[in-house]
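In: sequence plus predicted model, see below.
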Amino acid sequence: MQLETFALERYQSIWENRVTWNLAESGVHPLRVTDLVNTPELQVAMFEQELGYPQTNGTIELRTLIASIYPHSTVEHIEVTNGGSEANCVLLMRLVQPGDRIVFMTPNYLQASGLARALGAEVQPWPLRLIGEGAAARWSADTDELRRLVTPKTRAILLCNPNNPTGARLDDGVLDEVCAIAASAGAWVIGDEIYRGAEREAEDTPTVWGRYERAIVTSGLSKAYGLPGLRIGWVVAPPELIAELWGIHDYTTIAPGAINDRLARMALAPERRATLLARTRGIIRANYPGVRRWIEQREGMKHVAPEAGAIAFIRYPHAISSTVLTSRLRDEAGVLIVPGDHFDMDGYVRVGFGSDPTYLARGLAVAGEFLDAVTAHAR
C-alpha cells in the first residue's frame, strides 16, 4: 500500500504553530474543558472517570446520543472512532478493493481520494460547477454529469456536505438523485457530514442518511462542535457493515480514549448539543461580514458566500501558483492560509474565519497589505 503525501495535513501540521497569524483552520475557535465540565456534578463525573479501556466501539451512552441525531438509527448503526479521519479510513479499508471505481466530489478534503488510490481504486472526479455571476453565483452539483460518471464498476460515490472548501450545501433533491444514481449501479453513497451543524444561513443541512439502504455518514465533533482536540468521530451505516468496521477498528486504534468518550457524552447531551451548534453558527455569522468586506476590498478577488462552515474559498487574480503565493504570505508576512493546490484547485486560496474576531481582523489586515503589494507589483 503506497500512500501519497497528504499535502494539506502535512502543511498545517508543520506551520500552524509556527506562524503569527493562523487563518488556515477550517473550524471555529475551540472550546475548553471548563466549557463542558461546568457544573459540580459534571466535574465529579469527569474526575471519577477510570482511565482504563472504554467500550472499543464507543460506549452505549455515546452511541445512543449519536444515533439520536440520525432518524431510525440505533446503537447498532454507530461506530465511534478517533476523529472523522479514522471514520473515513476504516470505512474505505472495508469497502474499496483494487480495480474499483470511486466517484469523488471535487473540490474536497483529499483524504478519501488518497486512501482510495492507495487501496487500488480508480478515482473519478465529480466537480462542483460555478454557475451564475456576482451575488447570484453558487457552486452547483450536476447530477446529469454524475449519471454519466457512474458505471457498473462504481463502488461508491463520495460526498462532502456541507462542502470543504466551498461551503456549498447539497439540498434534498440533489441527495435523492445521487442515491437513485448510486442504486442503479449498486454503489454506496458516503456522505462526509462533519460540517453539518455549522450553517451560516439555514438552521440545518439535509443528511444523506435514510435515503437509501447503502447510504453511509461519517462525521465527528471537530468542526460544527468546536471540539477538534477530543478526536471523536463516527460512522453511521447498516448494522452488518458497522460490525465489520468494528473489526477493522481493532487493527487501527482499538478504542477512543475514555476521557474523550466521557466529554463527548457531555457535548452531545441534547441541550448542550443545541448550545454548541448555536455557538458555532453565531461565530460564523458574526465573523463572515468582515471577511466579505476584506475580499471585496482586494482588487480582482472573488468568492461565493459559503452556505456553511467557517471557510471562504477565494479566487485571486495573480499570475502565480497558490502554493507559491501562500508560501510567500507565510514567510514574508507570517500569515498561514491554505493553497487551492491542496484541493486540486490552483488559482484559489482557502481562508478560515472561525477564530477570535480581534485575532481574525488583525490577521486579515496583515494578509491584505501583503496581497495588495503583490497586486501593485504585478501591474
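Out: Nice, I can see it.

In: output the contacting helices and strands for the least confident helix or strand in the chain by mean pLDDT.
Out: When each helix and strand of the chain is scored by mean pLDDT, DSSP states H and E, helix 357-378 comes last, with a mean of 91. Counting contacts by 3 or more C-beta pairs under 8 Å, 6 or more residues apart in numbering; DSSP states H and E, helix 357-378 packs against strand 21-22, helix 270-296, helix 322-328, strand 335-336. For the C-beta atoms, the positions are set from N, CA and C on the backbone; glycine is no exception.

In: that helix: which residues count as buried?
Out: Residues of helix 357-378 classed as buried by neighbour count (16 or more other C-beta atoms under 10 Å): 360, 363, 364, 366, 367, 368, 370, 371, 374, 375.

In: and the angle from it to helix 270-296?
Out: Helix 357-378 and helix 270-296 are oriented at 30 degrees to each other (axes from the mean of the first three to the mean of the last three C-alpha atoms, to 10 degrees).

In: show residues contacting helix 357-378.
Out: 20-23, 286-287, 290-291, 294, 297-301, 316-320, 325, 328-329, 332-335, 337, 351, 353, 355 (C-beta atoms under 8 Å, 6 or more residues apart in numbering).

In: can you flag the buried ones in those?
Out: Buried residues within these, counting neighbours by 16+ other C-beta under 10 Å: 21-23, 287, 291, 294, 298, 301, 316, 318, 325, 329, 333-335, 337, 351, 353, 355.

In: now do the same end-to-end measure for stretch 104-120.
Out: Stretch 104-120 has an end-to-end distance of 15 Å (C-alpha to C-alpha, to the nearest Å).

In: would you indicate which residues of it are buried?
Out: Buried residues in stretch 104-120 (16+ other C-beta under 10 Å): 104-117, 119.

In: surely residue 229 meets residue 27?
Out: No. Contact criterion C-beta atoms under 8 Å: residue 229 and residue 27 do not qualify, at 10.6 Å.

In: between the two, which one's more packed in?
Out: A count of neighbours by other C-beta atoms under 10 Å puts residue 27 above the other of residue 229 and residue 27, at 24 against 15.

In: in which helix or strand would I find the more buried one?
Out: Counting by DSSP states H and E, no helix or strand carries residue 27.

In: show me what contacts it?
Out: By C-beta under 8 Å, 6+ apart, the neighbours of residue 27 are 198, 222, 223, 226, 228, 310, 352, 354.

In: recalculate using a threshold of 6 Å.
Out: 222, 223, 228, 354 (C-beta atoms under 6 Å, 6 or more residues apart in numbering).

In: mind listing the helices for the stretch 151-300 of the chain?
Out: Taking DSSP state H, counting those that start in this stretch as the test, the helices found in the stretch 151-300 of the chain are 172-185, 239-249, 258-268, 270-296.

In: any idea how far the last one is from the middle of the chain?
Out: So the one you mean is helix 270-296. Per C-alpha atoms, centre = their mean, to the nearest Å, the displacement of helix 270-296 from the mean C-alpha position of its chain is 16 Å.

In: the residue lying closest to residue 338 once chain neighbours are set aside: neighbour count?
Out: Leaving aside its sequence neighbours, residue 338 sits nearest to residue 350 (C-beta to C-beta, 6 or more residues apart in numbering; 4.1 Å). For residue 350, the count of nearby residues is 28 (other C-beta under 10 Å).

In: could you pull up the residues touching residue 350?
Out: Residues near residue 350 by C-beta under 6 Å, 6+ apart: 165, 311, 313, 338.

In: Serialize the buried residues of helix 357-378 to TSV and add fields for distance to residue 183.
Out: Listed next are these as TSV, based on distance: C-beta to C-beta, whole Å:
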residue	distance to residue 183
360	44
363	46
364	45
366	50
367	46
368	48
370	50
371	47
374	49
375	49
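
In: show me the beta-bridge partners of the residue lying closest to residue 330 once chain neighbours are set aside.
Out: Leaving aside its chain neighbours, residue 330 sits nearest to residue 336 (5.4 Å; criterion: C-beta to C-beta, 6+ apart). Assessed by DSSP bridges, residue 336 has beta-bridge partners residue 22.

In: and residue 336, how far is that from residue 361?
Out: Distance check for residue 336 against residue 361: by C-beta to C-beta, to the nearest Å, it reads 16 Å.

In: and if you look at residue 2?
Out: Distance from residue 2 to residue 361, by C-beta to C-beta: 44 Å.

In: same thing with residue 205?
Out: As judged by C-beta to C-beta, residue 205 and residue 361 stand 28 Å apart.

In: now swap in residue 189 and tell me
Out: 40 Å.

In: centroid residue for this structure?
Out: Nearest to the geometric centre of the chain sits residue 194, at 4.8 Å (C-alpha atoms, centre = their mean).

In: my read: that residue touches residue 219, true?
Out: Yes. Residue 194 is within contact range of residue 219, at 5.0 Å (criterion: C-beta atoms under 6 Å).
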